[in-house]
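K.L.:
Curious how this folds, go ahead:
(2 chains)
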Amino acid sequence: MVVLRLSIPPSAVQALPLLRTVILLTIAGAAISSRLFSVARFESIIHEFDPWFNFRATKYLVSHDFYSFLDWFDDRTWYPLGRVTGGTLYPGLMVTSALIYHSLKALTLPVDIRNVCVMLAPVFSGLTAYVTYLFTTEMKNEGAGLLAAAFIGIAPGYISRSVAGSYDNEAIAIFLLMFTFYLWIKALKLGSSFWGALTALFYFYMVAAWGGYVFITNIIPLHALVLIVMGRYSNRLYVAYSSWYSLGTLGSMQIPFVGFLPIRSSEHMGALGVFGLLQLVGFSQYVRARLPSRQFKVLVTVATVGLLALGAFAVVGLTFTGVIAPWTGRFYSLWDTGYAKIHIPIIASVSEHQPTAWPSFFFDTHMLIWLFPAGVYLLFQQLRDEHLFVIIYAILGSYFAGVMVRLMLTLTPVVCICGAIALSTIFDQFTNLATPESTREDPEDSEDTKEERSSSLLNINALTRTPIVGIFSPWSRVVVMGSFLVYLYMFVQHCTWVTSNAYSSPSVVLASQLPDGSTHIIDDFREAYYWLRKNTPEDAKIMSWWDYGYQIGGMADRTTLVDNNTWNNTHIATVGKAMSSREEVSYPILRKHDVDYILVIFGGLIGYSGDDMNKFLWMVRIAEGIWPDEVQERNFFTPRGEYRVDEQATPTMRNSMMYKMSYYRFPELFGRQPAMDRVRNQRIPSPVTDSSAAPIQLNTVQEAFTSENWIVRVYKVKDLDIFGRDHAAATAFEEGKKKGGRTIKAPPSGGQAKGKARVLRV
Amino acid sequence: MASMIYRTLQLYLLLLLVARLAVASFVPSPAFQIQNLLRTVDLTKSYLRESASFIIENISEESQDEYYLALPFDIVGNSTDKHLVIMDVKEKRVDPVVNLVVEAGPANEDLGIQFYKLQLSKPLAPGEVSTIQIATASIGALEPQPKLIKQPEAQNLLWTGSKQALIPYKVARQRTKIKTPRLPDRGANAYSKAKDDPQVDGTTLTYGPYFDAEAFAAEAIQVRYEYHFPIVEVTKLERELWVSHYGGNLATEERYWITNSAAKLSETFSRLRWQASGMAGERSTAIKGFSLHLRPGARDVYFTDEIGNVSTSNFRADIRDPVLDFRPRFPIFGGWNYSFTLGWNHDLGRSLKVVSTEESGSNTYILRVPFLEGPENTVYDVAEVSIILPEGANVVDVFSTYKDYSKEELLLKSHLDTVGRTVIKLTAENVVDEHRRNDLYITYTYSSASSLHKPIIVSAAIAAVFFAWIILGRIDVSIAK
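P.N.:
Predicted coordinates:
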């Protein structure tokens, strides 16, 4: 880039800002359009699970005012407990979309709130590309900035959480994260309290938007601490940090969900400690200017030891007395990957909380993952104050990404930045037409001096006597540049492929290929949700596993017992128990919770593997955590330790509500063919083909709706029997069998008999 | 003072009572005799259609120009589940056939009858005859019998009526013909029988002829017949037609809330049975889908509902006869509800004509659109039709061959409007699919100046923003120099 400027006339240099603007706009366009696969393929729809809650909350905010949103007590979830929704969410995302919606409405543009929500993430990813450009420009130069912007624009690691319809906190959080970092670097460089205040402002916005703000809360103090320890304390640091911390902390406490955490929880203590340390260092600097050095040394030693001891003592003491909240479970699971599995099954049951597999690093960042260390290395070469920040970010980000799959997201920006710095350095070196003086003598040795930076003086003599081999020969330039262009091309290919194939499925709607190659859309979820929405009473309570809570709330608009918020483990365990117990045990639980309908997901017919029978063991485990005597995981395994649903399934399995509701009348669909469960590849015992197999009997619930491909099955919970019989007896009686002690002489004709017998019983 | 009010009130009440008594016992003078009446009860659709054709003769001494129709009070009034709609009334005396104006007349509460006054095309001299044809449709008059059926079971509907037409005059000769889609297999007790009444011809029953019936003669009969189709009832329709002169486009969006009034399921829904009966090709009372013929030139069709796109639709974009086949997300059984949205575009040129052009650049246009375009065999409880004209258009006249609606004029701001666009909202209650034949004619003026209004406003706003930007960018607000 430097060379370009040297070789072009000044009028063209003036055009560079325009060119940069055009490139950035193009990058933003690419970032937005590569996220639209799902809209083009399916429709403008909210994806997956959590976005459905955010969408519902946004609709609430749009139709109510802001304060009633913050005071929102939602009695349509977690029945009968309810949820203090306004105080337990990060409102940033909803407020952002509501602001956009209202401003569009003020312009009288007829925009559906759903489309605002769907398009929010792609639009913000365009902004992320821009702030990454700004950030990287601070690190190196505009060239690296543009590369970084292009990388973050299409890197799958970030796209995975920001495709159109992925309406989640991360959609705006990564933009805010990068922008806060940029502002922090700016504040640190200039020592300006104005930029520090801006940092605090966007830190506040970040706190409002995503729980991941703790990452900023810790990385900025860590950066400041490292700077102090390295002896790089400066007034700029003091001003920047103090203005950020004081304003940012006050700001963050305005969010109801955060409240007093910044001064009470352990995660925030680091920032407070560094704030205190900075005051001490600043004070000591002041004192040093006025005291002789001997006295000063003694003073510093005593003060440091004393204060450190006092500080540590205070933190430990306050933690024990409970003033400072100890680390939360989710936080522990960041340090010990096995922690969650033992102590909090509900966290471990979420697939995105699993440790990352190695291939996914390559999958999510492609070639950047090997340029990343090179970039970090190059930063070490210069090691300016701001470079330290990126190095710290790189280290922390790598660690956290290794612990939890979803934290790949926070790693991706730094990977893009470091990759861009590395690649831009390579480009700088190899597009530079100048040959440095020092390497002219011996071209063979130039491999070793690869990292050496030389002045880029234009030497005409060197150009005329061009060597054939060596890094400064035109050929090596062509080879290196050519190969990197190929890498870049492959990177774009890979990103597009991953985005298209892995990250663009709404998961509410499934697509399948018909034999003739055309796409068939499987829309069972919405079919069943819409049935519930239209054909059940408005206050019906629906029990399902917590995964579907948000979707039921969003699409079916009905009250749920548990949802993806998972704030109450016991309540979830109750649902798990109702699902994994026998009907006689479940029914009182259902009655106590006023359950009207039960919704189960069953993929056995078309081979949808994310169904409830595959999640069943988590229900059992979570229920066992609360009722170890009543629900036992080992009873669901065969003596040989297998998870079976066919004729070898254990009696506990076969009598569980979940099993019965999944397979109720399923074998009949196959007639005389074997009833094959296509997910587990096991044969379900069929009373048609096998006379010893009894058909599945449901006494306390009855099938109310089953979707076209049987993916969603809805059961209605029966009322108490009007004659006070238990349901098994009532069902048996309905079918004409006599059960129990009292017998009735049934008249010979069938139809009349029922009516008469009923009268007799009364 | 108080006594005066009291007295006034007393007087008022008395007057009211007198007026009421006079009305309550109203019976038209027996000026006419009906010579030959043929009534047809058509049960082949999801709602009841009745038509009657008869010759009236003036048997009085004077010439007559008013004829009275009698209709049962409970179904033309505000009863919630049953409604009778008069489709049209014609008189066939002169060529061509004239549509007569129907006017609500007095009610006779003792007889339970609401009278309607017909203004004959010209006075009928004593002894003269004329032919009158009337057609009515009744919503909610057909009941499933039994009310609950099993999932693949056949549905029977029950029609309750009278052997004779309800006529406030003497009838010399009359017959009632009842067309059913199919009589039950054991049809013997499916309909009311008398000595040699009715004659059965395939699926048609004919009662009569009866001679010299008195006014208001009625003899109750019932007919039970098989009806293997859903009974689609649109509880509410919101239909919007957006006129855009910029795009030369007429956009239609219709939002439906429907329910199936067929017999409900006696048990809960079983997908297994549904799939089995689907394979066997059995007819069902569940709504599986609709086939909608759109006007020629329809394009950009969409079918969505409250939670997004419904993928099960198929549009045959034939130029002459575009057909939209769409299937709801789930089969809609008796008593089940559903709601959806349909939309499509047309070239505006097909429906819009310039009537006159003026020097000032203000043109008068006339827009012609169908009153309804929904699926066949459907009844609508409430239909709201809104025509959204371009910003700056002034409505001159709204005309429709269908009269029974209430009209509102509203202002709507959309698509960067500053003044707002005129919306004509017509609300009609109890409409049937046959009203699709009716067209709406809207005459309005629209000037080329108002078509330039928006581009000027928008460019001015954008220019202002940039200007403000430039000025603010030049202000130096830094404290330190």
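K.L.:
interface residues of the stretch 351-481 of chain B facing chain A?
P.N.:
Contact residues, the stretch 351-481 of chain B versus chain A (Cβ under 8 Å from any Cβ of the partner chain): B:413-417. In this view, the C-beta of every residue, glycine as well, is placed from N, C-alpha and C.
K.L.:
Those residues into a markdown table, with extra columns for neighbour count and distance to B:T131?
P.N.:
Below are these laid out as a markdown table (neighbours: other Cβ atoms under 10 Å in any protein chain shown; distance: Cβ to Cβ, whole Å):
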| residue | neighbour count | distance to B:T131 |
| --- | --- | --- |
| B:K413 | 15 | 53 |
| B:S414 | 15 | 51 |
| B:H415 | 16 | 53 |
| B:L416 | 14 | 58 |
| B:D417 | 19 | 53 |
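K.L.:
Could you report the neighbour count for the residue of the stretch 51-200 of chain B found nearest chain A?
P.N.:
Closest to chain A within the stretch 51-200 of chain B is B:Q151: 11.4 Å, counting by Cβ to the nearest Cβ. If you count neighbours by other Cβ atoms under 10 Å in any protein chain shown, B:Q151 ends up with 20.
K.L.:
dump the residue contacts of residue 140.
P.N.:
Just going to use chain A. Going by Cβ atoms under 8 Å, 6 or more residues apart in numbering or on different chains, A:K140 touches A:421, A:424-425.
K.L.:
let's do chain B instead
P.N.:
Each residue near B:G140 by Cβ under 8 Å, 6+ apart is listed here: B:47, B:81-83, B:261.
K.L.:
try 10 Å this time
P.N.:
B:47-48, B:75, B:79-84, B:231, B:233, B:261, B:379, B:381, B:430 (Cβ atoms under 10 Å, 6 or more residues apart in numbering or on different chains).
K.L.:
measure the residue nearest the centre of chain B to B:T401 for me?
P.N.:
Geometric centre of chain B, nearest residue: B:V431, 1.5 Å, by Cα atoms, centre = their mean. B:V431 sits 13 Å away from B:T401, going by Cβ to Cβ, to the nearest Å.
K.L.:
Same check on A:V562?
P.N.:
Relative to B:T401, and taking Cβ to Cβ, A:V562 is found at 57 Å.
K.L.:
Who has more neighbours out of the two?
P.N.:
Higher neighbour count among A:V562 and B:T401: A:V562, with 26 against 13, using other Cβ under 10 Å.
K.L.:
Surely that one and A:H571 touch.
P.N.:
Yes - contact between A:V562 and A:H571 holds when scored by Cβ atoms under 10 Å: they sit 5.6 Å apart.
K.L.:
shared neighbours, those two?
P.N.:
With Cβ under 10 Å, 6+ apart, A:V562 and A:H571 have common neighbours A:78-79, A:81, A:546.
K.L.:
Which one of those is nearest to chain B?
P.N.:
So of the shared contacts of A:V562 and A:H571, ranked by how close each gets to chain B (Cβ to the nearest Cβ), first place is A:W546, at 20.4 Å.
K.L.:
and the closest one, what does it touch?
P.N.:
Residues counted as contacts of A:W546 (Cβ under 10 Å, 6+ apart) are A:49, A:78, A:346, A:349, A:560-566, A:568, A:571-572, A:575-576, A:615, A:618-619, A:622.
K.L.:
Just read off the phi/psi values of it.
P.N.:
Backbone torsions for A:W546, taken as degrees, to the nearest 10, come to phi -60, psi -20.
K.L.:
Quick check: it vs B:D95, distance?
P.N.:
Distance of A:W546 to B:D95, given as Cβ to Cβ: 76 Å.
K.L.:
Just flag the most distant two among the contacts of B:G140.
P.N.:
Put simply, by Cβ to Cβ the two of the contacts of B:G140 set farthest apart are B:S79 and B:I231, 17.8 Å from each other.
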